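Novice: After the sequence you'll find the predicted model.
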Protein chains: 2
Amino acid sequence: MHSNSAVKEVTLSVIKTACSNCNLRELCLPLGLSETEMVKLDDLVATRKRVKRGEHLYRAGQDFDAIYAIRSGFFKTDVLLEDGRDQVTGFQMAGELLGLDGISQEHHSCNAVALEDSEVCVIPFSRLESLSREIQTLQHHFHKVMSREIVRDHGVMMLLGTMRAEERLAAFLLNLSQRFTSRGYSHAEFYLRMTREEIGSYLGLKLETVSRAFSRFQEEGLIAVQQKHIRILNVAGLKQIMSHHAQ
Amino acid sequence: MHSNSAVKEVTLSVIKTACSNCNLRELCLPLGLSETEMVKLDDLVATRKRVKRGEHLYRAGQDFDAIYAIRSGFFKTDVLLEDGRDQVTGFQMAGELLGLDGISQEHHSCNAVALEDSEVCVIPFSRLESLSREIQTLQHHFHKVMSREIVRDHGVMMLLGTMRAEERLAAFLLNLSQRFTSRGYSHAEFYLRMTREEIGSYLGLKLETVSRAFSRFQEEGLIAVQQKHIRILNVAGLKQIMSHHAQ
DNA sequence: GGCGACGGTTGACTTGGATCAACAGAGAGT
DNA sequence: ACTCTCTGTTGATCCAAGTCAACCGTCGCC
């Protein structure tokens, strides 16, 4: 398949970034694909794209033609209303998908911004659709991923609709911790890639409230915060705060 | 399948409820299906189910094996957390789908309750998947519907995260009005099928706050409320409230 | 047709988080 | 090393919505 004239570096890089070889494949891909199916998939996800910190991967209103799998880095998505209000709708890390919201209207309905230098796999959507007409497990996996996004959003609605400030922040930290864990990072120690204002926007709070809640958690010995560096000292305590609402 | 002893009414009802003949098909189905494709679809959506007011269509935790298209009636979906908190995550009316959240975990993640006597079309999910491997337009339509749900959820997150009580209620009324309109009902006059408490739960407000906001809108001549009967008198005024946030 | 329960309205009071404001650290660029 | 700017912290005050409570209207049921 590969041309023999290709120089070593290119071949190496291609191998390194092929789906079949990607260390995130258990996050992105269904289990149990055959050899030939894997080859087709490597072909589908042919191009990659680097996005520097602060740059947009896509903007609301732009034509939709691909979804993106994050290979490395960290993103936020946000929505801007006509009246100037905006809100962060999610934070995405390696192994997660971006752009699912664009399918419905054929243009993106939110902005995706890199919060650190990142790399994404470009997945042309019409080719994903045709491939998932061929490969049942891919089709089913994709449906699960979309559905998981819906369930996740319901969780956020729950958080925004029923939780108090400290409960929201505890839920947020535990969620991040859990996602870092399943990527092989420490569950207890990590750097936040986003500002207090972005956290607040996501959680429906003002940045001052986020800052105060962090300080409060620190006073109570639940976490150690220094700027963006977080250490979780008492997971059980955070869980208790999260689910310990009045009445 | 049907016993031949079935009386005429049964046969009639089957004919009346075929997708190809359904007056909601432009809400549920893609345009431009061929005759043969339509026949397959009618076959897919073979069974229907009546759900009386107050009954569950499904409950959180139950095995997922089908999604549902609402033929008539009105539903709410809600999520219950372990700690007793619950929240209404949406209200669904004729032509809309229920159960998409169940795909990801193979069991339902919320409860679906009829708010009036209703009828749904049962769409076995594995058969939907196999049919959409055959029919590209069906596949794409389904993806759009799932994506639309994600976009809708982002809208709710926006509402919960950034809007004040009266803005939320105005947005809610305008959304209902718009959905009734696209089903051929009056945009200006309708009955709410849900209680103040359910509206409040959906909007992240207490029922008293919802009630006060209704009264306020009435004082200002924007709507006429009497219990569940709503008349919208000033759409522009509601829109202004919705997007007229401080600063 | 009357009774009871539920849903809705309204008022008085409380409170959690927003707002306004001052300031302190950290980091990028010169 | 030295700004300048951006991000984060903390305090004082205010207000929108929550809470608690009383009451009323409606509707379904006996």
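Specialist: Thanks, I have it.

Novice: Going by C-alpha atoms from here, please, whenever you check contacts or count neighbours.
Specialist: OK.

Novice: Briefly note if stretch A:74-85 comes near DNA strand C.
Specialist: No. On the criterion C-alpha under 7 Å from any atom of the strand, stretch A:74-85 is out of touch with DNA strand C, staying 11.4 Å away.

Novice: List the buried residues of that stretch.
Specialist: A:F74, A:F75, A:K76, A:T77, A:D78, A:V79 (16 or more other C-alpha atoms under 10 Å in any protein chain shown).

Novice: Low-confidence regions, chain A specifically.
Specialist: Filtered on pLDDT under 70, chain A yields the residue ranges A:1-17, A:245-247.

Novice: What parts of it come near DNA strand C?
Specialist: Going by C-alpha under 7 Å from any atom of the strand, the residues of chain A near DNA strand C are A:M163, A:R164, A:A165, A:E166, A:G204, A:L205, A:K206, A:L207, A:E208, A:T209.

Novice: Pick the one among those residues closest to DNA strand D.
Specialist: A:E208 (4.3 Å; C-alpha to the nearest atom of the strand).

Novice: circling back to that earlier point, adding distance to B:R25 and secondary structure, write the buried residues of stretch A:74-85 out as TSV.
Specialist: Conversion of the buried residues of stretch A:74-85 to TSV gives the following (distance: C-alpha to C-alpha, whole Å; DSSP: H, G, I helix; E, B strand; the rest coil):
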residue	distance to B:R25	secondary structure
A:F74	41	strand
A:F75	38	strand
A:K76	37	strand
A:T77	33	strand
A:D78	33	strand
A:V79	31	strand
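
Novice: and the residues you listed, which two are the farthest apart?
Specialist: Spatial extent of these (C-alpha to C-alpha) is set by the pair A:F74 and A:V79 at 17.3 Å.

Novice: name the helices or strands packed onto the host helix or strand of A:L128?
Specialist: Using DSSP states H and E, A:L128 sits within helix A:125-134. Secondary-structure packing of helix A:125-134 (3 or more C-alpha pairs under 8 Å, 6 or more residues apart in numbering or on different chains; DSSP states H and E): helix A:35-44, strand A:66-80, helix A:136-162, helix B:125-134, helix B:136-162.

Novice: now what about that helix, what contacts it?
Specialist: A:40, A:44, A:65-67, A:138-139, B:132-134, B:136, B:139-140 (C-alpha atoms under 8 Å, 6 or more residues apart in numbering or on different chains).

Novice: those helices in chain A, which residues are they?
Specialist: A:8-17, A:25-28, A:35-44, A:125-134, A:136-162, A:165-181, A:196-203, A:207-219, A:235-243 (DSSP state H).

Novice: Alpha carbons of the last one, as CSV, please.
Specialist: Think helix A:235-243. Once non-C-alpha atoms are left out, helix A:235-243 reads as follows in CSV (Å, rounded to 0.1, in the frame of the first residue of the first chain):
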residue,chain,number,x,y,z
VAL,A,235,-12.1,12.5,46.9
ALA,A,236,-14.7,11.2,49.3
GLY,A,237,-15.1,14.7,50.8
LEU,A,238,-15.7,16.2,47.3
LYS,A,239,-18.3,13.5,46.5
GLN,A,240,-20.0,14.3,49.7
ILE,A,241,-20.2,17.9,48.9
MET,A,242,-21.4,17.1,45.4
SER,A,243,-24.3,15.0,46.6
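
Novice: Of all the residues in it, which ones are buried?
Specialist: Those would be A:V235, A:G237, A:L238, A:I241, A:M242, A:S243, for helix A:235-243 by 16+ other C-alpha under 10 Å.

Novice: that older thread, now narrow the buried residues of stretch A:74-85 to whatever sits close to chain B.
Specialist: A:V79 (C-alpha under 8 Å from any C-alpha of the partner chain).

Novice: now, which of the buried residues of stretch A:74-85 sits nearest B:G102?
Specialist: Nearest to B:G102 among those, with distances taken as C-alpha to C-alpha, is A:T77, at 24.3 Å.

Novice: Name the nearest residue to that closest one, ignoring sequence neighbours.
Specialist: A:A112 (4.4 Å; C-alpha to C-alpha, 6 or more residues apart in numbering or on different chains).

Novice: again with A:E197
Specialist: A:L207 (4.6 Å).

Novice: Which residues of chain A lie near DNA strand D?
Specialist: A:194-197, A:207-212, A:214-215, A:225-228.

Novice: Just the buried ones among the residues you listed, please.
Specialist: A:R196, A:E197, A:L207, A:T209, A:V210, A:F214, A:S215, A:V225.

Novice: re the thing from before, from the residues of chain A next to DNA strand C, which would you call buried?
Specialist: Neighbour-count burial (16+ other C-alpha under 10 Å) is assigned, among those, to A:M163, A:R164, A:A165, A:E166, A:G204, A:L205, A:K206, A:L207, A:T209.

Novice: Just put those residues in JSON lines and tack on distance to A:L57.
Specialist: Formatted as JSON lines, these follow (distance: C-alpha to C-alpha, whole Å):
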{"residue": "A:M163", "distance to A:L57": "32"}
{"residue": "A:R164", "distance to A:L57": "33"}
{"residue": "A:A165", "distance to A:L57": "31"}
{"residue": "A:E166", "distance to A:L57": "32"}
{"residue": "A:G204", "distance to A:L57": "24"}
{"residue": "A:L205", "distance to A:L57": "26"}
{"residue": "A:K206", "distance to A:L57": "26"}
{"residue": "A:L207", "distance to A:L57": "25"}
{"residue": "A:T209", "distance to A:L57": "30"}
